[in-house]
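Participant: give the three-dimensional model of this entry:
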Amino acid sequence: MPGTVGIGFFIWDAYQQNYVGEIVLGVIWIGAIGLILDRLMVWLQSRIAAG
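Facilitator: Modelled structure (predicted):
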């Protein structure tokens, strides 16, 4: 399955072509998604525990 598009492929392709800026952008994007999901889970847990 060559050329599967996703954030991991984006970072790996940037790494292979030595595009440091795109690698940093990908890592920041992963961090932002992780932060959003973490906050969503905290909110959901508080709703379930209070409920």
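Participant: pLDDT below threshold where in this protein?
Facilitator: Applying pLDDT under 70 to the chain picks out residues 1-3, 51.
Participant: helices or strands up against the lengthiest helix in the chain?
Facilitator: Ranked by residue count and defined by DSSP state H, the top helix of the chain is helix 20-50. Applying 3 or more CB pairs under 8 Å, 6 or more residues apart in numbering; DSSP states H and E, one finds that helix 20-50 makes contact with helix 7-16. Every residue, glycine included, has its C-beta placed from N, CA and C.
Participant: from the chain's centre, how far out does the longest helix of the chain sit?
Facilitator: 8 Å (CA atoms, centre = their mean, to the nearest Å).
Participant: got the angle for it vs helix 7-16?
Facilitator: Relative orientation of helix 20-50 versus helix 7-16 (axes from the mean of the first three to the mean of the last three CA atoms, to 10 degrees): 160 degrees.
Participant: for helix 20-50, list every residue counted as buried.
Facilitator: Residues of helix 20-50 classed as buried under the neighbour-count rule (16 or more other CB atoms under 10 Å) are 23, 26.
Participant: and the residue nearest the centre of the chain, what does it touch?
Facilitator: What sits nearest the mean C-alpha location of the chain, by CA atoms, centre = their mean, is I30, with 2.1 Å. Going by CB atoms under 8 Å, 6 or more residues apart in numbering, I30 touches I7.
Participant: ok, W29 next?
Facilitator: Taking CB under 8 Å, 6+ apart, we find W29 in contact with I7.
Participant: the residue nearest to the centre of the chain and I48, how far apart?
Facilitator: Relative to I48, I30 is positioned 27 Å away (CB to CB, to the nearest Å).
Participant: my read: G26 touches I11, true?
Facilitator: Yes - with contact defined as CB atoms under 8 Å, G26 counts as touching I11 (4.0 Å).
Participant: now stretch 10-28, how far from the centre of its chain.
Facilitator: Once both centres are worked out by CA atoms, centre = their mean, stretch 10-28 turns out to sit 13 Å from its chain's centre.
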